[in-house]
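**Q** Model the structure of this input:
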Amino acid sequence: MSRKKSADPELAQKLSRRGMLGVAAGATAAAVLGASATPAAAHGRGHGHDHGHGHGKGQPVLPPGRLGIQLYSLRDKVSSIGFAKVFDELERFGYDEIEYAGYTQGTGEITLAQLKKLARDHGLKGIGSHVNYADDNNPDAYSFAQNLDKVLDDAQALGLEHIGTASGPFRYGSTVDAWKRAAEDFNTYGAAARRRGMKFYQHNHAEEFSFATDQPNVRLYDVLLAETDPDLVFLEMDIYWAFAGQFRFSKTVEGKPAPFDPLRYVLKQPHRYPLFHVKDGIEDITARDGYRMVDVGDGDIDYQRFISAVNKTHGGRRDHHWQVEHDQPVDSIAFARKSSAHLHSLREKR
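**A** Numbering: from 1, shown residues only. Just a heads-up that it's a prediction; the model follows:
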């Protein structure tokens with residue numbers, strides 16, 4: 001996280017107060033990464049690292065029962081061969097959980113009760129779901145802003161522990177006040193979810209790490225963290241997009257250095273990150289995002305190091321869930337198989 005003084009004193013005070021929640025985790029970060037660790041050192045890109053393969057005889061890096069997949073990655077197969085056959089493959093590959101991206105995915109009619117039973121019959125637990133944040137041009141939209149009760153009803157019917165959105169908090173714009181308003185919305189959704197025994201979460205892309213248009217030294221992701229109630233609003237870090245954000249937004253719009261490390265965000269407040277998206281990329285500084293997305297295990301993001309560091313936080317092996325994803329896999333079933341095999345092969349370093 002950037003240490004630069006915020007141009008917004010109230011926001012700076014909130015960030016400092018929220019940061020105190022992660023003091024113990026921050027000590028873990030220092031122990032794991034070293035006090036002078038650079039962002040590149042945190043995930044090991046370049047410099048001839050082993051691409052995070054970490055094979056050996058130590059304890060598995062992946063906690064038991066915590067491997068999931070975002071079904072968006074398998075949308076082509078779900079729509080063509082159906083949930084049942086896809087779930088057959090996921091069960092065979094050793095998956096424990098699924099994260100939904102819609103509850104039909106082009107298959108036609110299937111009830112929530114049928115979908116829940118189908119997943120359970122294949123040993124798969126629905127851990128979360130992505131729903132749109134808002135569509136202010138459509139009062140009937142299936143979104144948190146327009147139909148909160150319906151969204152929560154469906155999540156509850158599926159027995160989900162988490163219900164969230166992959167929409168960025170840009171509903172009101174890209175200023176600090178706009179994101180404060182979005183944070184108020186998220187606090188409302190989080191309170192409503194908690195009343196039903198669920199956690200509301202937001203999934204990032206790279207743009208969340210950009211800077212406010214009215215305060216160019218304030219990172220918007222910091223506003224989100226500061227203005228949302230940590231007991232009501234949780235985060236699903238998409239690790240690939242966070243590192244893309246690191247590549248794109250390591251300087252302010254004025255060109256001032258503003259480095260940050262995605263892993264340090266997690267280690268400072270690990271309780272806020274129950275879910276992660278595990279996707280991989282090959283470093284390519286000619287690409288807009290600094291990476292080209294590839295299958296998990298084929299890229300330069302060191303998941304042996306990242307997951308191991310999170311495991312060392314309080315409750316780390318118990319409290320976090322790892323969902324693999326690829327936005328455009330060449331072969332989605334092969335991607336699911338390879339990703340599971342790779343993550344299950346990782347071992348803690350002795």
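
**Q** okay, CA-based contacts and neighbour counts for the rest of this
**A** Will do.

**Q** check which helix or strand covers Ile81.
**A** Taking DSSP states H and E as the criterion, Ile81 maps to helix 75-93.

**Q** can you check Arg181 too?
**A** With DSSP H and E as criterion, Arg181 is part of helix 176-195.

**Q** so when I look at Met237, I'm seeing a strand, right?
**A** Yes: with DSSP: H, G, I helix; E, B strand; the rest coil as the criterion, Met237 is assigned to a strand.

**Q** which residues touch it?
**A** By CA atoms under 8 Å, 6 or more residues apart in numbering, Met237 lies in contact with His203, Asn204, Tyr273, Leu275, Phe276, His277.

**Q** doesn't Asp238 make contact with the last one?
**A** Yes: under the criterion of CA atoms under 8 Å, His277 makes contact with Asp238 at 4.4 Å.

**Q** where do the helices sit along the chain?
**A** With DSSP state H applied, the chain shows helices at 9-20, 23-33, 39-43, 75-93, 112-121, 144-157, 176-195, 220-227, 239-248, 262-268, 303-311, 316-319, 332-345, listed in chain order.

**Q** how about these in JSON lines, adding mean neighbour count?
**A** As requested, the helices of the chain are exported to JSON lines (neighbours: other CA atoms under 10 Å):
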{"stretch": "helix 9-20", "mean neighbour count": "15"}
{"stretch": "helix 23-33", "mean neighbour count": "18"}
{"stretch": "helix 39-43", "mean neighbour count": "19"}
{"stretch": "helix 75-93", "mean neighbour count": "17"}
{"stretch": "helix 112-121", "mean neighbour count": "15"}
{"stretch": "helix 144-157", "mean neighbour count": "17"}
{"stretch": "helix 176-195", "mean neighbour count": "20"}
{"stretch": "helix 220-227", "mean neighbour count": "23"}
{"stretch": "helix 239-248", "mean neighbour count": "23"}
{"stretch": "helix 262-268", "mean neighbour count": "24"}
{"stretch": "helix 303-311", "mean neighbour count": "23"}
{"stretch": "helix 316-319", "mean neighbour count": "17"}
{"stretch": "helix 332-345", "mean neighbour count": "19"}
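
**Q** between the ones you listed, which gets nearest to Gly281?
**A** helix 239-248 (6.9 Å; CA to CA).

**Q** Quick check: which helices or strands does that closest one pack against?
**A** Under the contact definition 3 or more CA pairs under 8 Å, 6 or more residues apart in numbering; DSSP states H and E, helix 239-248 sits against helix 262-268, strand 275-278.

**Q** out of these, which comes closest to Gly297?
**A** Of all the helices and strands packed on helix 239-248, strand 275-278 comes closest under CA to CA, at 10.0 Å.

**Q** partner strands of the closest one, parallel or antiparallel?
**A** In the sheet, strand 275-278 lines up against strand 233-238 (parallel), strand 321-324 (parallel) (DSSP bridges).

**Q** Can you lay out the ones you listed as TSV showing mean pLDDT?
**A** Output for these, formatted as TSV (pLDDT from 0 to 100):
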stretch	mean pLDDT
strand 233-238	98
strand 321-324	98
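
**Q** Serialize those to a markdown table and add fields for distance to Leu118.
**A** Output for these, formatted as a markdown table (distance: least, CA to CA, whole Å):
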| stretch | distance to Leu118 |
| --- | --- |
| strand 233-238 | 25 |
| strand 321-324 | 19 |
